[in-house]
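In: sequence plus predicted model, see below.
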Amino acid sequence: MHYRDHYHTDFPCALTLMATVTSRPTATRIVLDAGKKSMSGDARNAAPDQPAGVRNPRLSAEHATIELEAPSEQPRIGDRVEFIVGYSDTTVHLHEEIVGIRHGSVECVWPIAGARPAEIARPI
């Protein structure tokens, strides 16, 4: 999101993060299980790839909160929402590995150097 918003690039996003809906306190509020400890918001906040009509996604330490412009039953508790991370450079080090996906299938898993002892990327 940082590069899209601040440098006006139009490249496909290379890094996204999957979060799970943990609560729906109102018809316009969605709470998910991923916050600042899993996706950095220092250069730009992350943005959900869906649902449409999102007003102001906010990150706390452990959770993301999405406010919808209009009431909706979707997504439901347990559904997954994909976030385009705000700044990949300061998000990657928060994880132990990256899952490489091509055409909807997991292709490989890459360990993050420094998160744990270096390993060779393992194919799936």
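Out: Ah, there it is.
In: gap between residue 83 and residue 33?
Out: Per CB to CB, to the nearest Å, residue 83 is found 11 Å from residue 33. Yep, even glycine has a C-beta here, placed from its N, CA and C like the rest.
In: ok, residue 76 next?
Out: 14 Å.
In: the two: who's more crowded?
Out: residue 33 (16 against 10; other CB atoms under 10 Å).
In: who's in contact with that one?
Out: 19, 20, 22, 62, 63 (CB atoms under 8 Å, 6 or more residues apart in numbering).
In: likewise for residue 50?
Out: 75, 81, 82.
In: shared neighbours of residue 83 and residue 33, anything?
Out: residue 19.
In: who's residue 21 bridged to?
Out: For residue 21, the beta-bridge partners are residue 32 (DSSP bridges).
In: which residues sit in contact with it?
Out: Taking CB under 8 Å, 6+ apart, one finds 30, 31, 32, 75, 76, 77, 78, 79, 80, 81 in contact with residue 21.
In: and the residues you listed, which of them are buried?
Out: The neighbour count (16 or more other CB atoms under 10 Å) marks 30, 31, 32, 75, 81 as buried among the contacts of residue 21.
In: for the closest residue to the first one other than its chain neighbours, grab the count of nearby residues.
Out: This means residue 30. Counting by CB to CB, 6 or more residues apart in numbering, residue 30 lies nearest to residue 66, which is 4.3 Å off, once chain neighbours are set aside. Residue 66 has 23 neighbours, counted by other CB under 10 Å.
In: surely residue 66 is in a helix?
Out: No: using DSSP: H, G, I helix; E, B strand; the rest coil, the assignment for residue 66 is strand, not a helix.
In: wait, doesn't it sit right on residue 29?
Out: Yes: counting by CB atoms under 8 Å, residue 29 is a contact partner of residue 66 at 7.3 Å.
In: what stretches of this protein score poorly on pLDDT?
Out: Applying pLDDT under 70 to the chain flags residues 115-124.
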